[in-house]
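Colleague: Fold the following and give me the result.
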Amino acid sequence: MAAFNKITPEIAAQLKAVVGEKRFFAGEAIDPGYSHDEMPIYGKFFPEAAVDVETTEEVSGIMKICSANRIPVTCRGAGTGLVGGCVPLAGGLVLCTRRMNKILEYDMDNLVVRLQPGVLLKDLAADALAHGLMYPPDPGEKTATVGGNISTNAGGMRAVKYGVTRDYVLALTVVLADGRIVELGKSVCKTSSGYSLLHLMIGSEGTLGIITEMTLKLIPNPLCDISCLVPFRDVESCIHFVPRIKMANLDPQSIEFMDADIVTSSAAFTGNPIFPERVNNEDVGASVLVTFVGSDEDELDQKLIRLGKIAEEAGALDVLVVATTATKKAAWSARSSFLTAIEADTKLIDEMDVVVPVDKIPAFLIYIRRLGEEGGIRIRNFGHAGDGNLHIYCCSNDLEEEEFKRRVKIIMDKAYTKCAELEGQVSGEHSIGHAKMVYLKESVGEDVFRLMGEIKKVFDPDGILNPGKVCDESLAAGKE
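Modeller: Okay, the predicted model is just below:
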């Protein structure tokens with residue numbers, strides 16, 4: 001286990017000198033939520049102390065102290081992650097950026113925004129819209145911080161058209177493990193200027209540095225949009241429809257997949273049965289929710305006509321247009337509630353967010369459901385059909401926690417092996433944290449995993465930044 005030091009009264013006094021008495025917390029004053037994220041099945045780990053920071057200079061000062069004294073530091077935003085990425089496995093200090101929540105400035109000529117990492121995704125989206133702009137990344141958890149989105153390279157529902165968070169980050173201010181402040185990237189749209197340390201930092205989950213400021217690319221807000229639900233009798237025909245949408249050159253903004261089970265759960269939880277369970281006197285086995293954007297209604301009408309034609313050819317039960325502002329809001333609100341709906345009626349949950357080639361989605365879903373039946377675990381799923389990113393949840397209300405974990409591990413081991421066979425990846429957008437590290441190692445192989453570890457050592461030679469995450473196995477023995 002890594003040899004870290006404890007936060008002594010002398011070190012605590014130094015930390016207080018940086019942030020002040022009111023933003024330093026120890027003992028019972030520490031927020032108990034800092035011990036876990038939104039997936040508590042992965043355990044609770046308590047820090048010795050916590051600080052709320054407000055400036056890059058404060059972060060630098062904190063890191064200089066912790067580096068000099070070999071104190072582990074876990075950076076945390078809103079704590080909405082699902083892989084134990086922001087929990088302090090080694091104790092030490094939690095450095096929370098939630099007070100760094102200012103949108104600093106817009107550059108309307110270059111369509112960029114500069115902001116701090118604690119800004120919530122929903123607040124950035126609303127503020128950009130007020131400027132006639134869109135921040136395209138659209139992860140489902142709107143109360144996540146944008147800094148957290150960058151740290152995990154979050155994707156979301158609009159990735160099929162616009163890409164993921166990485167595609168909108170132009171520049172970052174980062175504090176390194178020893179307290180040095182570095183500027184990565186520039187407010188330009190292209191570069192071929194050496195190794196891209198900017199893109200190495202994106203998705204690194206706070207293991208290489210602490211992001212304190214971001215410059216992000218925006219786009220003009222689309223003038224018109226329309227959504228429609230396309231229901232099918234079964235999952236296979238539903239998923240096989242997805243490539244046809246792309247090949248028809250319809251350029252959808254999003255293509256979301258849902259099966260009958262999650263639709264029922266969502267309706268019960270929200271009281272909003274917006275997604276029908278029967279269409280034309282037939283049971284709906286699965287559906288896709290598709291959104292198009294355009295410059296005028298005529299353009300969208302043409303897309304709907306073409307969608308209707310290929311939907312009929314694919315055996316869809318109907319094409320249901322979500323026409324009014326109220327129904328669009330209800331439909332996307334229901335879609336965003338899927339995980340919350342699962343959490344509301346489930347005692348024990350574990351999850352994976354594998355990504356596979358789109359045409360392999362049915363094969364993977366059939367396989368994982370069979371594993372669930374064999375292992376006595378209920379499988380719930382939904383996802384981003386347009387890019388092959390599936391959210392799979394193992395659920396139980398009857399098992400004891402240890403037995404649940406034992407059964408789920410068997411399922412997870414086999415599921416990630418199947419994912420690799422299908423040329424998929426361990427995570428599409430939730431990242432690795434400590435919960436999925438063993439699967440990352442198996443997926444990428446020893447050589448690549450070792451290279452990741454060597455990169456970690458260059459940025460953080462003492463291993464104090466978010467230890468035990470992504471590719472850092474130093475805490476593995478202590479975690480067992």
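Colleague: which element follows the one helix or strand residue 126 maps to toward the C-terminus?
Modeller: Secondary structure assignment for residue 126, by DSSP states H and E: helix 121-130. Once the chain leaves helix 121-130, the next helix or strand it forms, by DSSP H and E, is strand 133-134.
Colleague: Okay, the nearest residue to residue 241 once chain neighbours are set aside and residue 232: tell me how far apart.
Modeller: Nearest residue to residue 241, sequence neighbours excluded (CB to CB, 6 or more residues apart in numbering): residue 314, at 4.3 Å. Quick note: C-beta positions are derived from backbone N, CA and C, even for glycine. Going from residue 314 to residue 232 by CB to CB, to the nearest Å gives 8 Å.
Colleague: So the two - more neighbours on which side?
Modeller: residue 232 (24 against 16; other CB atoms under 10 Å).
Colleague: now the more buried one: how far from residue 285?
Modeller: Taken as CB to CB, the span from residue 232 to residue 285 is 6 Å.
Colleague: go on, residue 341?
Modeller: Plainly put, residue 341 is 19 Å away from residue 285 if you go by CB to CB.
Colleague: Looking only at neighbour counts, state which of those two leads.
Modeller: residue 341 (21 against 18).
Colleague: Return the residues in contact with the more buried one.
Modeller: For residue 341, the contacting residues are 262, 265-266, 268-270, by CB atoms under 8 Å, 6 or more residues apart in numbering.
Colleague: quick one: which of those residues is nearest residue 409?
Modeller: residue 262 (23.7 Å; CB to CB).
Colleague: dump the residue contacts of that closest one.
Modeller: By CB under 8 Å, 6+ apart, the neighbours of residue 262 are 338, 341-342, 380-382.
Colleague: ok so residue 71 is a strand residue?
Modeller: No. With DSSP: H, G, I helix; E, B strand; the rest coil as the criterion, residue 71 is coil rather than part of a strand.
Colleague: give me the number of residues near it?
Modeller: 25.
Colleague: what does the one 3 residues further on give?
Modeller: Counted with other CB under 10 Å, residues neighbouring residue 74 total 28.
Colleague: I'd guess it is in a helix, am I close?
Modeller: No. Under three-state DSSP, residue 74 sits outside any helix and is assigned strand.
Colleague: any idea how far it is from residue 433?
Modeller: 11 Å.
Colleague: Equivalent analysis for residue 75, please.
Modeller: The value you get for residue 75 to residue 433, if CB to CB is used, is 13 Å.
Colleague: Now do the shared contacts for the two.
Modeller: With CB under 8 Å, 6+ apart as the test, residue 75 and residue 433 both reach residue 86.
Colleague: Which residues are in contact with each of residue 314 and residue 232?
Modeller: residue 241.
Colleague: so where's the longest helix in the chain?
Modeller: Ranked by number of residues, the top helix in the chain under DSSP state H is helix 401-421.
Colleague: what separates that one from the chain centre, distance-wise?
Modeller: 21 Å (CA atoms, centre = their mean, to the nearest Å).
Colleague: Beyond it, next helix or strand please.
Modeller: helix 437-444.
Colleague: Need the residues that contact that following helix.
Modeller: With CB under 8 Å, 6+ apart, helix 437-444 has contacts from 412, 416-417, 419-420, 425-427, 432, 449, 452, 469-473.
Colleague: how far off helix 401-421 does that helix point, in degrees?
Modeller: Taking axes from the mean of the first three to the mean of the last three CA atoms, to 10 degrees, helix 437-444 and helix 401-421 form an angle of 20 degrees between their directions.
Colleague: following helix 437-444, which helix or strand comes up?
Modeller: helix 446-459.
Colleague: Quick check: mean pLDDT of that next one?
Modeller: If you average the pLDDT over helix 446-459, you get 98.
Colleague: could you dump that helix to PDB, C-alpha only?
Modeller: The C-alpha trace of helix 446-459 is given here as PDB (Å, rounded to 0.1, in the frame of the first residue of the first chain):
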ATOM      1  CA  GLU A 446      -0.400  -5.200 -19.700                       C
ATOM      2  CA  ASP A 447       1.700  -3.100 -22.100                       C
ATOM      3  CA  VAL A 448      -0.800  -0.300 -22.600                       C
ATOM      4  CA  PHE A 449      -1.900  -0.300 -18.900                       C
ATOM      5  CA  ARG A 450       1.800   0.000 -17.900                       C
ATOM      6  CA  LEU A 451       2.200   3.000 -20.300                       C
ATOM      7  CA  MET A 452      -0.700   4.700 -18.600                       C
ATOM      8  CA  GLY A 453       1.000   4.100 -15.200                       C
ATOM      9  CA  GLU A 454       4.200   5.600 -16.500                       C
ATOM     10  CA  ILE A 455       2.300   8.700 -17.700                       C
ATOM     11  CA  LYS A 456       0.800   9.000 -14.200                       C
ATOM     12  CA  LYS A 457       4.300   8.900 -12.600                       C
ATOM     13  CA  VAL A 458       5.500  11.700 -14.900                       C
ATOM     14  CA  PHE A 459       2.700  14.100 -13.800                       C
END
